[in-house]
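Enquirer: Dropping the sequence and predicted coords here.
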Amino acid sequence: MPSDHDPPPPPGGEPPRNWLQTPDGPSDQPAPPGSGTTNATGEVSGEQPDGTFSTPRRLHPASVLLGVPLAQAVQALIFPVVATLAAPLWVTLTMLSVLAVVGLILRSLDWRMRTFSFDGEVLRVDHGVLSRNHRSLDVGRIQQVEIQRGAVQRLFGLAAIRVETAGSAAEPEVDLRVVPEQDAVALRAAVRASQRRRRAADDDRGAPEQPEDDDGEVVLTVPMSHVVIAAVTGARLLVLPAVIGGALQFVGNQIGPFVDDLVDQMIDMGLAVGDTPSISGPDWRLVALGASALLVLSVLAAIVVGVLRDGNFRIRRVDDDLYVSRGLLSTRDSVVPLRRVQLVEIKRNWVRRLLGFATVRIRSAGGSTGGDGRVTVPLLPVTDVDRLLGEIMPNVEGVPRLRSHPPAALRRSLFRWLRPAAALVAAVWFAPDLLPFVDTDGLVASARPWILLLLPLNAVLAVVEYRQLAHGLTERVVAARSGALSISTDVAPVVKVQAVTSRRSLFQRRLDLTTLLVHVAGPGALVTVLDAGRAAAQHLHERLSEHAASPTPVIPAQRRVGGDAREPGDIAGTADDRAPADTDGTTDGGPHDPTSAPRPEEDVLRS
């Protein structure tokens, strides 16, 4: 039971504990700055009342300079620099100096007028020079308290605090830049301790004491080798655009003098007929060497950025929270409450599939963690995905059993992939004849045979996409898989389902298919079941609608369909809906041998 000095929970507090919550462990009462010990999760152990932050306090004086985000500072410098490009240098320097002085005065005034406080129930922030603003965040609505330490901030022992709520979009609800690092850690600990006490009061239980030096349980550590692989196989590499742009510039630098020399010689010769100027062309060996060097530099740059961003990536579990830390020079510490997890996305592009790796994105109710509430695990073996998913979603053993979609979905995949390819082929094939001015040099006409290769290539991708289409439902999670070049498996707790939408186009109605959109709580969280059988989609819609109307999972009784025992979450339907999985020799749309028995579903990611 809560103690007498604990404040009573306000009306409309947290809902009763659901399946995502684990039993309350030791609380993390914060210690005053400079006292107590700091455990591996960054929390300060020791006893302290929440009144430590009850008195309004200002940010650290260094926030006048260090509190300005780098992107904002660059944007402020773009206009004066561009506006004075044609002016003398002293004009540019004068304008920059005036802007710097004015900005320093405004930042100083903002520092004096900005205060924050936390009394154990409400986090309050007051700011504004001419127009005063007062913001109050109830502790029960706070989803995320994140601590960021830039390289310069770490040098001076400072940190930034980002407080997020479920309504936060791309920006945090409260951004305190910057405060002493000890205060940042203590404030986060105080918020988490107050939330635990409130949940304990709602559950009619007392909040147990936290032992000193509670490091929690290490859930995942990403080795540096995996961080490097993630850097060179992920979208951040951007090797191809960099190589193409750099190669074109390099070739242009090589060919430019050659063209200039040609024109000069022809002018000097008076364009005499029969005289051929002696001209040396570009050194193609040098061009190839430069392109190769640019490729190597691009890969090295991607590795450096990836290591600095995701180095020392670690996830620890303390009570019912996940503590995520990453970064070498600039560190970032996030807390993901397990009860706030809305969606888990498992991504595998074609390179990572060959290497046996995957990327996992955890979407929580907080709106700005890593962009729209995401925490991204850079890379881990597919064999570890089920174990990590079990840590993120307690009582979930891993990716649920997935059922493949009927053969009619293949026609839809072929239509989706061949339609744009056919349009491009038709444009290239007929444009030179119908519009001669678009192909005066004959390049488009010469590309006709090559453009036809898009048709078989897209047809193969359509088959690959069809083989990956699958979905599944248990009493705890709903999952869907799709993709061709990049395979995405989305898993969401059924208690987070807010609404379900079924869509059937004219083409889908003729093929007896349905696309199901499962709307999950949180910004942009959506599970899409693409081109499922009509009966299976209808059954899935009904089941998920039951979950959306209930705050707790709806666990159906065991039932039999056609004499076959089925699991509670097995989405069956009529015998026709089950035919694809039975006749293909697989239940998850992966590679199969038609003559063999259905392969087991222990690891659906290996397909």
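Expert: Great, that's in hand. Numbering: from 1, shown residues only.

Enquirer: so what does the helix or strand hosting Leu516 touch, helix or strand wise?
Expert: For Leu516, the element it lies in under DSSP states H and E is strand 513-520. Using 3 or more C-beta pairs under 8 Å, 6 or more residues apart in numbering; DSSP states H and E as the contact criterion, the secondary-structure elements in contact with strand 513-520 are helix 408-434, strand 497-503, strand 526-533, helix 534-548. In this view, the C-beta of every residue, glycine as well, is placed from N, C-alpha and C.

Enquirer: so of the ones you listed, which one's packed in deepest?
Expert: Here the criterion is mean neighbour count by mean count of other C-beta atoms under 10 Å, and of the helices and strands packed on strand 513-520 the winner is strand 526-533, at a mean of 23.

Enquirer: related to what we said a few turns ago, so what touches the strand holding Leu516?
Expert: 342-343, 405-406, 408-409, 412, 471, 478, 480, 492, 496-504, 508, 525-534, 537-538, 540-541, 544 (C-beta atoms under 8 Å, 6 or more residues apart in numbering).

Enquirer: Tell me which strands that strand pairs with, and in which orientation.
Expert: Strands adjacent to strand 513-520 in the sheet, as given by DSSP bridges, are strand 497-503 (antiparallel), strand 526-533 (antiparallel).

Enquirer: looking at those, which is closest to Val102?
Expert: Ranking the strands paired with strand 513-520 by proximity to Val102 (C-beta to C-beta) places strand 526-533 first, at 44.9 Å.

Enquirer: Disregarding flanking residues, what is the spatial nearest neighbour of Val518?
Expert: Leaving aside its chain neighbours, Val518 sits nearest to Val527 (4.0 Å; criterion: C-beta to C-beta, 6 or more residues apart in numbering).

Enquirer: how about the one you found, what does it touch?
Expert: For Val527, the contacting residues are Leu343, Val478, Ala479, Ala480, Asp490, Ala492, Leu517, Val518, Val520, by C-beta under 8 Å, 6+ apart.

Enquirer: what do you get for Ser54?
Expert: By C-beta under 8 Å, 6+ apart, the neighbours of Ser54 are Ser117, Phe118, Asp119, Gly120.

Enquirer: Make a ChimeraX selection of the buried ones in the residues you listed.
Expert: Command for ChimeraX, covering only those of those found buried under the criterion 16 or more other C-beta atoms under 10 Å:
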select :118,119,120
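
Enquirer: possible to save the contacts of Ser54 as TSV with distance to Val460?
Expert: Written out in TSV, the entries for these read as follows (distance: C-beta to C-beta, whole Å):
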residue	distance to Val460
Ser117	61
Phe118	58
Asp119	62
Gly120	61
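
Enquirer: Following the record's annotation, map out the domains of this structure.
Expert: 37-145+173-218, 239-307, 399-607 (automatic domain parsing).

Enquirer: which one of those domains has the lowest average pLDDT?
Expert: For those, the bottom mean pLDDT is recorded on domain 239-307, which sits at a mean of 66.

Enquirer: Now do the helices in the stretch 1-150 of the chain.
Expert: Counting by DSSP state H, counting those that start in this stretch, residue ranges of the helices within the stretch 1-150 of the chain are 63-66, 70-83, 89-113.

Enquirer: List the neighbours of the longest one that are in contact with it.
Expert: Looking back up the chat, that one is helix 89-113. For helix 89-113, contacts defined as C-beta under 8 Å, 6+ apart pick out 58-59, 61, 63-65, 67-68, 76-77, 80-81, 83-84, 126-129, 132.

Enquirer: buried ones in it?
Expert: Met95, Asp110, Trp111.

Enquirer: What helix or strand is Gly290 located in?
Expert: Assignment of secondary structure by DSSP H and E places Gly290 within helix 284-310.

Enquirer: Packing partners of that helix?
Expert: Judged by 3+ C-beta pairs under 8 Å, 6+ apart, the packing partners of helix 284-310 are helix 224-233, helix 239-268.

Enquirer: which element follows that helix toward the C-terminus?
Expert: Scanning the chain past helix 284-310 towards its C-terminal end, the next helix or strand to appear is strand 314-318 (assignment: DSSP H and E).

Enquirer: Pull out the buried residues from that following strand.
Expert: Those buried within strand 314-318 under the rule 16+ other C-beta under 10 Å are Arg314, Ile315, Arg316, Arg317, Val318.

Enquirer: As TSV, those with distance to Phe437 would be great.
Expert: As requested, those are arranged in TSV below (distance: C-beta to C-beta, whole Å):
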residue	distance to Phe437
Arg314	61
Ile315	60
Arg316	65
Arg317	66
Val318	68
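
Enquirer: what's the most distant pair in those?
Expert: Across those, no pair lies farther apart than Arg314 and Val318, at 12.5 Å, counting by C-beta to C-beta.

Enquirer: quick one on the thing from earlier: turn the contacts of Val527 into TSV, including neighbour count and distance to Val438.
Expert: TSV is the format used below for the contacts of Val527 (neighbours: other C-beta atoms under 10 Å; distance: C-beta to C-beta, whole Å):
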residue	neighbour count	distance to Val438
Leu343	23	46
Val478	28	49
Ala479	25	47
Ala480	24	43
Asp490	24	43
Ala492	27	48
Leu517	14	40
Val518	29	45
Val520	22	47
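
Enquirer: end to end, how far does stretch 364-377 reach?
Expert: 14 Å (C-alpha to C-alpha, to the nearest Å).

Enquirer: Now that stretch: average pLDDT?
Expert: The predicted model assigns stretch 364-377 a mean pLDDT of 63.

Enquirer: and what of stretch 384-398?
Expert: Computed over stretch 384-398, the mean pLDDT rounds to 89.

Enquirer: Go through that stretch and flag the buried ones.
Expert: Within stretch 384-398, the residues that count as buried by 16+ other C-beta under 10 Å are Val385, Asp386, Leu388, Leu389, Ile392, Met393, Pro394, Val396, Gly398.

Enquirer: Now do it: distance from first to last residue.
Expert: The first and final residues of stretch 384-398 sit 10 Å from each other (C-alpha to C-alpha).

Enquirer: Now do the helices in the stretch 451-600 of the chain.
Expert: With DSSP H, counting those that start in this stretch applied, the stretch 451-600 of the chain shows helices at 454-468, 506-511, 534-548, 575-584, listed in chain order.

Enquirer: possible to save these as JSON lines with distance to Ala230?
Expert: Formatted as JSON lines, the entries for the helices of the stretch 451-600 of the chain read as follows, by distance: least, C-beta to C-beta, whole Å:
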{"stretch": "helix 454-468", "distance to Ala230": "22"}
{"stretch": "helix 506-511", "distance to Ala230": "37"}
{"stretch": "helix 534-548", "distance to Ala230": "33"}
{"stretch": "helix 575-584", "distance to Ala230": "33"}
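
Enquirer: and of those, who's closest to Asp183?
Expert: With C-beta to C-beta as the measure, helix 534-548 is the member of these nearest Asp183 (41.6 Å).

Enquirer: Show me what that closest one is packed against.
Expert: Taking 3+ C-beta pairs under 8 Å, 6+ apart as the contact definition, the neighbouring helices and strands of helix 534-548 are strand 470-473, strand 497-503, strand 513-520, strand 526-533, helix 575-584.

Enquirer: of all these, which lies closest to Arg192?
Expert: strand 513-520 (24.4 Å).
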